[in-house]
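[1] make a model of this:
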Amino acid sequence: MSTHHTSRAYELAAGHYDTSAGSAGSAGLTGLAGSTGSTGSTGSTGHTELTGLTGRRPPVAAACLDLIDRSRGSLLLACRAGDSAERYLESHLGALRAAAALLAVRSTATGRSRPRSVWDVLPLVAPELSEWAAFFAGSARRRVVIQRGGAPTPREADDLLRQAEVFLEIVQDLIGVPRAEPLPAYIAPVTAYPSPATSSPRGG
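    Below is the predicted model of the structure:
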């Protein structure tokens, strides 16, 4: 996926989660799941009602499974990326979609409130992932710089890819879905040069 398409995915997803919505079809989650991603297509995730704690594990929402699949797709694209900026952006998008998948199954309606970053909401619904949320909130700030023309080092991009892969595995365990096959052991070498400046995303 080109840096332009990655930027478009962020613009659609925005990295925001509407905490007033109690369904996986809310604006935030629909954007993350249905924006241009690993398949290069745009689709709807539907409106799967989320439930509170009822003493038994609720069924995994279709939107959640779609987000998990797209998360892995983003990480696979990151493995194949030819420059460090694209690898960094795809890796962060993969982590963002994994986090949104967990929110899709754990969140409940909380009344009207302003949309917030996924990384702000995640510690509230999954306190055990607070350190991960802080880590990816930092990479979100770095992402904004990259999308404005900055360039991460190859080491930064590779490290974020591996951290995003670990995070996806943790989310899969928490949700209770089987882990996907590990990412390829070999990843394409990347060059470090600035990505074309793009419009500033709203968050993520």
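
[2] how about residue 64: what's its closest non-neighbour residue?
    In space, and not counting its chain neighbours, residue 64 is closest to residue 104: 4.2 Å by Cβ to Cβ, 6 or more residues apart in numbering. Just so you know, the C-beta spots here come from the backbone N, C-alpha and C atoms, and that holds for glycine as well.

[3] what does residue 177 show for phi and psi?
    phi -110, psi 150 (degrees, to the nearest 10).

[4] pLDDT below threshold where in this structure?
    Scanning the chain for pLDDT under 70 picks out the ranges 1-60, 108-115, 185-186, 192-204.

[5] can you get me a residue count around residue 188?
    Using other Cβ atoms under 10 Å, residue 188 has 12 neighbouring residues.

[6] for residue 181, that is, sorry about that
    Neighbours of residue 181 (other Cβ under 10 Å): 6.

[7] same check, this time on residue 69
    When neighbours are counted by other Cβ under 10 Å, residue 69 comes out with 16.

[8] state the helix or strand in which it lies.
    According to DSSP states H and E, residue 69 maps onto helix 62-80.

[9] now do that helix: which elements does it pack against?
    helix 27-34, helix 84-106, helix 154-175 (3 or more Cβ pairs under 8 Å, 6 or more residues apart in numbering; DSSP states H and E).

[10] just say which of those helices is most tucked in.
    helix 84-106 (a mean of 28; mean count of other Cβ atoms under 10 Å).

[11] report the buried residues of the helix holding residue 69.
    The neighbour-count check on helix 62-80 (16 or more other Cβ atoms under 10 Å) flags 63-79 as buried.

[12] thinking again about what came up before, adding distance to residue 148, write the helices and strands packed on helix 62-80 out as JSON lines.
    Formatted as JSON lines, these follow (distance: least, Cβ to Cβ, whole Å):
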{"stretch": "helix 27-34", "distance to residue 148": "21"}
{"stretch": "helix 84-106", "distance to residue 148": "11"}
{"stretch": "helix 154-175", "distance to residue 148": "16"}
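
[13] closest to residue 181 out of those helices?
    helix 154-175 (11.1 Å; Cβ to Cβ).

[14] how much does that closest one deviate in direction from helix 84-106?
    Here helix 154-175 points in a direction 10 degrees away from that of helix 84-106 (axes from the mean of the first three to the mean of the last three Cα atoms, to 10 degrees).
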